[in-house]
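In: Predicted structure and sequence below. I'll ask about it afterward.
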Amino acid sequence: MSQNATIKILDEQLCNQIAAGEVVERPASVVKEMVENSLDAGADDILIELAAGGRKLIRVSDNGCGMNRQDVFLALERHATSKITQAEDLFALRSLGFRGEALASVASVSRFRLRSCAGEDGLGQEILVEAGQVRKAQEVGMARGTLIEARDLFFNQPARRKFLRTEQTELGHCADIVSKLALACPQVSFRLRHENRTLLELRREKGLAERVAALLGRQVLEDMQQVTAMDEQIGLRLSGLVGQPTLSRSTTAHLYVFINGRSIRDRVVQHAVLDGYRHLLMKGRYPVVVLFLDLPPAQVDVNVHPTKHEVRFRQQREVHDFIAAALRRHLQPATWVQSPRGGSPDPEKTPQGRPVHPEREPETAVHDGLQPQYVADSGRFPLTLPPVATPLPAARLLPDSGVFPSPQEGSFFANLRYLGQYHNSYLLCQDGEDLMLIDQHAAHERIGFEKLKADFARGAVPRQSLLFPEMLELDFRSIQALDAHLDELAALGFEIEPFGGKSYVLKAVPALLAGVSCAPLLVDIALELEQQGQSSVLQDQLDEVLIMMACHGVIRANQALDPREVRALLEKLDQVDFRGNCPHGRPVSQRLTLREVERMFRR
Ligand code: ADP
Ligand code: MG
């Protein structure tokens with residue numbers, strides 16, 4: 001045993017840096033802590049300025065209550081907070097902050113400036129700190145409010161600075177955080193500036209709906225419905241906006257949940273929300289939801305994680321079931337009223353005016369103006385129209401449409417004897433003695449995918465100009481992703497141009513998708529590109545994107561086909577390379593041998 005004690009009490013600066021490790025992960029965490037402080041200070045006008053994605057500069061100014069001279073110095077001490085005084089307060093929290101760590105942490109890992117004025121005399125106190133050491137303190141003239149600046153984040157911690165991502169990525173995270181805080185506080189004005197550009201300009205709004213429109217777009221708001229529900233026993237109130245099932249996304253990025261005003265990523269709540277949408281969304285699709293849960297502070301512990309991204313409920317199961325049931329009630333198909341689309345100049349005349357709703361369940365589906373045309377063409381067959389909203393790209397299926405070169409060798413599918421269509425979804429064919437079942441949706445998807453892939457490889461995806469350009473409204477993230485890939489999207493057949501603010505105008509689409517509204521598809525593509533990271537090129541996600549496009553343009557299950565269309569489909573299948581599976585990996589065809597059928601009947 002050593003004589004000398006080996007345990008030491010760490011010095012203050014080191015403690016702060018350790019705390020900073022938990023609280024400050026990246027520029028966005030600083031933005032979050034600073035803006036939360038501004039909100040706690042009662043500000044209703046908050047300006048966030050960034051440089052180099054926040055790596056070089058983060059500055060947050062507010063018109064809140066400010067701090068007096070003494071408090072400016074105290075605020076930088078670790079565990080210095082004006083928000084709680086005793087342990088019981090932790091279970092009756094009304095503020096966003098309470099740990100008293102943020103300022104001390106940020107100041108310990110940056111070049112930090114705090115300037116604040118609490119009175120009406122126009123005189124404030126400024127303090128400059130570098131890596132936790134106070135460098136300067138002086139009086140400054142300023143109006144009531146606070147300005148906090150963190151430059152060169154992690155300049156004194158090169159190892160951590162290395163973990164920062166590209167400027168675009170960090171900026172994206174900052175914009176996400178501001179968006180979430182802004183959704184929770186519609187009455188507060190937020191401005192986010194990056195170098196000379198204004199990224200978000202959100203004025204004070206009456207309520208959530210206006211804020212959602214400003215952040216996510218008016219089109220999105222139109223497809224959302226207000227929900228409120230109350231559980232007396234837990235004292236839990238749920239309110240907010242839920243998207244109709246057709247407004248789905250390929251990621252959970254648009255699932256916003258706030259618990260007692262705090263943006264939270266909670267597994268229990270997320271599961272409950274998805275449970276509420278069960279059977280309404282296709283696999284891999286997620287709803288757009290802005291939900292607020294308010295419950296007595298004693299029912300939920302926010303102090304389980306330094307960044308307060310997670311919570312713990314006292315009655316987890318009850319909370320879960322309440323949310324799921326409330327959403328399910330609201331999502332009853334009957335409660336959705338169809339909203340007219342503001343997407344294109346004249347929704348009456350253009351097929352692009354209404355979005356296609358591939359994931360719509362048959363019972364919630366609406367007839368689309370396009371369908372009668374198609375049926376008229378199919379003549380003699382007394383078809384009953386299935387209630388599906390997808391316009392049928394009938395012309396593209398006809399043998400003479402010239403989409404594919406004529407078959408090179410062996411035509412397997414074309415030689416099958418077509419027996420009929422089952423459940424408007426499967427083609428029954430005979431191959432010698434065997435029965436072949438072909439999933440018409442999977443088959444068409446595969447064909448579209450291969451065609452797109454071949455066209456793209458040749459650098460010649462045929463495009464079709466839209467007579468009535470489609471308008472898109474995108475959120476910040478999607479804009480970022482699309483902007484970075486405009487050229488590649490053009491190579492895919494999309495002609496998109498910025499139209500001011502967060503609006504874009506879609507002037508041409510891949511010919512394969514003509515007649516289908518492409519706005520929802522582009523949002524998906526943007527999300528897909530975004531998810532893979534800004535730096536990656538489209539080539540890396542090409543298959544994913546092509547699958548999305550193919551899937552968007554094709555025949556759905558539940559669609560009556562006439563024999564000519566079936567023939568055309570079978571012939572095209574022969575020209576596809578990997579005819580075994582659809583691009584999603586589902587099989588295109590299945591074989592039942594005569595032997596198997598006979599066995600079923602015990603012959
Ligand atoms: P916490 O928010 O957990 O209390 P912080 O380290 O974030 O801890 O802030 C410490 C204290 O500094 C706060 O409790 C508050 O009194 C004061 N403060 C911080 N930012 C502001 C601001 N923008 N306006 C007024 N007071 C502020
Ligand atoms: Mg704080």
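Out: Structure received. Ligands and ions are numbered 1, 2, ... in the order given.
In: would you list every one of the helices in the stretch 1-150 of the chain?
Out: Secondary structure of the stretch 1-150 of the chain (DSSP state H, counting those that start in this stretch): helices located at 12-23, 27-40, 69-74, 102-108.
In: any chance of the ones you listed in TSV, plus distance to Leu428 and mean pLDDT?
Out: Every C-beta, even on glycine, is put in place using the N, C-alpha and C of the backbone. Formatted as TSV, the helices of the stretch 1-150 of the chain follow (distance: least, C-beta to C-beta, whole Å; pLDDT from 0 to 100):
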stretch	distance to Leu428	mean pLDDT
helix 12-23	61	76
helix 27-40	55	96
helix 69-74	79	92
helix 102-108	66	93
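In: nearest to Thr251, of the ones you listed?
Out: Among these, the nearest to Thr251 by C-beta to C-beta is helix 27-40 (17.8 Å).
In: Please name every helix or strand in contact with that closest one.
Out: strand 45-51, strand 57-62, helix 102-108, strand 145-151, helix 167-184 (3 or more C-beta pairs under 8 Å, 6 or more residues apart in numbering; DSSP states H and E).
In: Could you dump these into JSON lines with distance to Leu255 added?
Out: Listed next are those as JSON lines, based on distance: least, C-beta to C-beta, whole Å:
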{"stretch": "strand 45-51", "distance to Leu255": "24"}
{"stretch": "strand 57-62", "distance to Leu255": "26"}
{"stretch": "helix 102-108", "distance to Leu255": "26"}
{"stretch": "strand 145-151", "distance to Leu255": "30"}
{"stretch": "helix 167-184", "distance to Leu255": "11"}
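In: Any chance of those in a markdown table with mean neighbour count and distance to ligand 2 as columns?
Out: Shown next, in a markdown table, are the helices and strands packed on helix 27-40 (neighbours: other C-beta atoms under 10 Å; distance: least, C-beta to the ion, whole Å):
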| stretch | mean neighbour count | distance to ligand 2 |
| --- | --- | --- |
| strand 45-51 | 21 | 14 |
| strand 57-62 | 22 | 11 |
| helix 102-108 | 26 | 4 |
| strand 145-151 | 22 | 10 |
| helix 167-184 | 21 | 12 |
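In: To Asp266, which of those lies closest?
Out: Taking C-beta to C-beta, helix 167-184 is the member of the helices and strands packed on helix 27-40 nearest to Asp266, at 13.4 Å.
In: the inter-axis angle of that closest one versus helix 27-40?
Out: Relative orientation of helix 167-184 and helix 27-40, computed by axes from the mean of the first three to the mean of the last three C-alpha atoms, to 10 degrees: 20 degrees.
In: Is there proximity between helix 167-184 and ligand 1?
Out: No. Helix 167-184 does not reach ligand 1 (C-beta under 6 Å from any ligand atom); its nearest approach is 13.2 Å.
In: Now the element after that helix, going C-ward?
Out: Remark: after helix 167-184, the chain's next helix or strand is strand 189-194, criterion DSSP states H and E.
In: and that following strand, which strands flank it?
Out: Strand 189-194 pairs in its sheet with strand 45-51 (parallel), strand 197-202 (antiparallel), by DSSP bridges.
In: out of everything not next to it in sequence, what's closest to the residue in the stretch 351-500 of the chain that ligand 1 sits nearest to?
Out: Relative to ligand 1, the nearest point of the stretch 351-500 of the chain is Phe476 (23.9 Å; C-beta to the nearest ligand atom). Of all residues not flanking Phe476 in the chain, Ala175 sits nearest, at 4.7 Å (C-beta to C-beta, 6 or more residues apart in numbering).
In: confidence score at the one you found?
Out: Listed pLDDT for Ala175 reads 94.
In: I figured it hits Arg477, correct?
Out: Yes. With contact defined as C-beta atoms under 8 Å, Ala175 and Arg477 form a contacting pair (7.0 Å).
In: what about the helices in the stretch 151-300 of the chain?
Out: Using DSSP H, counting those that start in this stretch, helices in the stretch 151-300 of the chain cover 158-161, 167-184, 208-216, 218-222, 267-276.
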